[in-house]
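Enquirer: Please work out how this folds:
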Amino acid sequence: MSQSLQTQPLQNGEGQPQQQRLVPPKQKNPVAIVVATYLRYHKLLKQRQGMNIITSEKQDFFRYKRIIRALLSDDYKKQQLKQPSLPPIETNQQAQSVFILLIQNQLVQPIKKLKTIEAKEKKIKLEKSVPCLEPTTKATLQPDEYYIWNFTPPNPYLILYSILGIVGIFTVILFPLWPFWMRKGVWYLSTGMLGLIGLFFVVAIIRLIIYLFTLMFLTRRFWLFPNLFEDCGFFDSFKPTYAWEDPSTTEKSKKKGKKSQKNITSTNTTTTEKQPVSKTTQSSTSTTEPSKRVATVEEIAE
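Expert: So this is what the prediction gives:
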């Protein structure tokens, strides 16, 4: 790598390093940016989205072991041959050094995945299938530790999109200078679109009037285009053309749904009551296994 890591190893009584204090550089390392661009949307990371409790924004997070796996993969070696700016990585220690470089340049940040109880204690609004993430300043280099990205690679088509946007704006501004046949075609298209939108509102009003009439004078309710406002495709919104709604069947289905929910809640309460409570003491835990040293990385704020 072109730049060496600025680390200060902390030593224990035996002279072995346990932790590393990283000094964030003033400028982003180009090697770190190239590696982050390669890893940002890599499939081996199996990234998920979580809610950052500090910024209240959704961010992608991953496990430490997956990014090491991606750096040691055959795909990375092939990409490194095509792109010499990527550092060569052969061992687990080299992959760990590259990952520390990402943390040092603040492209990756360690986090703690909060449990539901912890999030409720901190009065955080929860969303289904979206875990809460709490950023920390201490990075533990363990396989199941979580990290989030603070980096988004630039869009290669951004310049093209900006040029097309400018061309579109000037095209609209210069509309009076268009040829007559082009202006006539735009007029036909605009009037046709307005006609379709107006027809849609007319169908919706007629549909409502027919439904109210059948609601007051008939035993069953008539729906014209019953899927018109459903969450489906454009053509599926007009299929079927009409349908009859029986109020007795709808009430029965609602009652069945309420009964099923009550049964589910009752079964959940009974199972929680029947679960035995297991207690462990310090004497029951084994002390023969040797304690494993945990490698950690602590960032120093700028």
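Enquirer: next one: whatever helix or strand A139 lives in to chain centre, how far?
Expert: According to DSSP states H and E, A139 maps onto strand 138-140. Taking the mean of its C-alpha atoms, strand 138-140 sits 23 Å from the chain's own mean (C-alpha atoms, centre = their mean, to the nearest Å).
Enquirer: for stretch 232-245, same thing?
Expert: With C-alpha atoms, centre = their mean, you get 33 Å for stretch 232-245.
Enquirer: And the contacts of that stretch?
Expert: 220-230 (C-beta atoms under 8 Å, 6 or more residues apart in numbering). Bear in mind the C-beta positions are built from the backbone N, C-alpha and C, glycine included.
Enquirer: which helices and strands sit right next to the strand holding A139?
Expert: strand 108-113, strand 296-299 (3 or more C-beta pairs under 8 Å, 6 or more residues apart in numbering; DSSP states H and E).
Enquirer: between these, which has the poorest average model confidence?
Expert: For those, mean pLDDT drops lowest on strand 296-299, to a mean of 56.
Enquirer: What is the burial count for E121?
Expert: The number of residues packed near E121 is 10, by other C-beta atoms under 10 Å.
Enquirer: how about it, phi and psi?
Expert: Main-chain dihedrals, E121, degrees, to the nearest 10: phi -70, psi -30.
Enquirer: and if you look at the one 4 residues further on?
Expert: The main-chain torsion angles of K125 are listed as degrees, to the nearest 10 and equal phi -70, psi 120.
Enquirer: Check P176 too.
Expert: Dihedral angles (degrees, to the nearest 10) for P176: phi -60, psi -20.
Enquirer: What's the separation between the residue nearest to S73 when sequence neighbours are not counted and F62?
Expert: In this structure, S73 finds its nearest non-sequential neighbour in L44, 6.3 Å apart by C-beta to C-beta, 6 or more residues apart in numbering. According to C-beta to C-beta, to the nearest Å, L44 and F62 sit 9 Å apart.
Enquirer: out of these two, which sits in the busier spot?
Expert: F62 (20 against 17).
Enquirer: where's the more buried one, which helix or strand?
Expert: Going by DSSP H and E, F62 is part of strand 57-63.
Enquirer: try C232
Expert: Per DSSP H and E, there is no helix or strand for C232.
Enquirer: What of G50?
Expert: Here G50 is assigned to strand 48-52, by DSSP H and E.
Enquirer: Direction-wise, compare that strand with strand 108-113 and give the angle.
Expert: For strand 48-52 against strand 108-113, the angle by axes from the mean of the first three to the mean of the last three C-alpha atoms, to 10 degrees is 80 degrees.
Enquirer: Mean confidence (pLDDT) on strand 48-52, please.
Expert: Here the average pLDDT along strand 48-52 is 91.
Enquirer: Buried ones in it, by neighbour count?
Expert: Judged by neighbour count (16 or more other C-beta atoms under 10 Å), strand 48-52 contains these buried residues: 48, 50-52.
Enquirer: strand partners of it, parallel vs antiparallel please.
Expert: Sheet pairing for strand 48-52, assigned by DSSP bridges, gives strand 57-63 (antiparallel), strand 132-135 (parallel).
Enquirer: which one of those lies closest to L164?
Expert: Smallest distance to L164 across the strands paired with strand 48-52 (C-beta to C-beta): 28.4 Å, for strand 57-63.
Enquirer: Now the closest one: buried residues?
Expert: For strand 57-63, burial by neighbour count (16+ other C-beta under 10 Å) applies to 59, 61-63.
Enquirer: what ranges do the helices span in the stretch 51-200 of the chain?
Expert: For the stretch 51-200 of the chain, helices defined by DSSP state H, counting those that start in this stretch occupy the ranges 64-71, 74-82, 92-104, 116-121, 158-173, 180-217.
Enquirer: any chance of those in JSON lines, with distance to A32 too?
Expert: As requested, the helices of the stretch 51-200 of the chain are exported to JSON lines (distance: least, C-beta to C-beta, whole Å):
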{"stretch": "helix 64-71", "distance to A32": "13"}
{"stretch": "helix 74-82", "distance to A32": "15"}
{"stretch": "helix 92-104", "distance to A32": "5"}
{"stretch": "helix 116-121", "distance to A32": "32"}
{"stretch": "helix 158-173", "distance to A32": "22"}
{"stretch": "helix 180-217", "distance to A32": "50"}
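Enquirer: picking that back up, export the buried residues of strand 57-63 to CSV and append columns for distance to E118 and pLDDT.
Expert: Formatted as CSV, these follow (distance: C-beta to C-beta, whole Å; pLDDT from 0 to 100):
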residue, distance to E118, pLDDT
Q59, 18, 92
F61, 16, 94
F62, 21, 95
R63, 19, 94
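Enquirer: which of the residues you listed sit farthest apart?
Expert: Among the buried residues of strand 57-63, the pair separated by the greatest distance (C-beta to C-beta) is Q59 and R63, which sit 14.6 Å apart.
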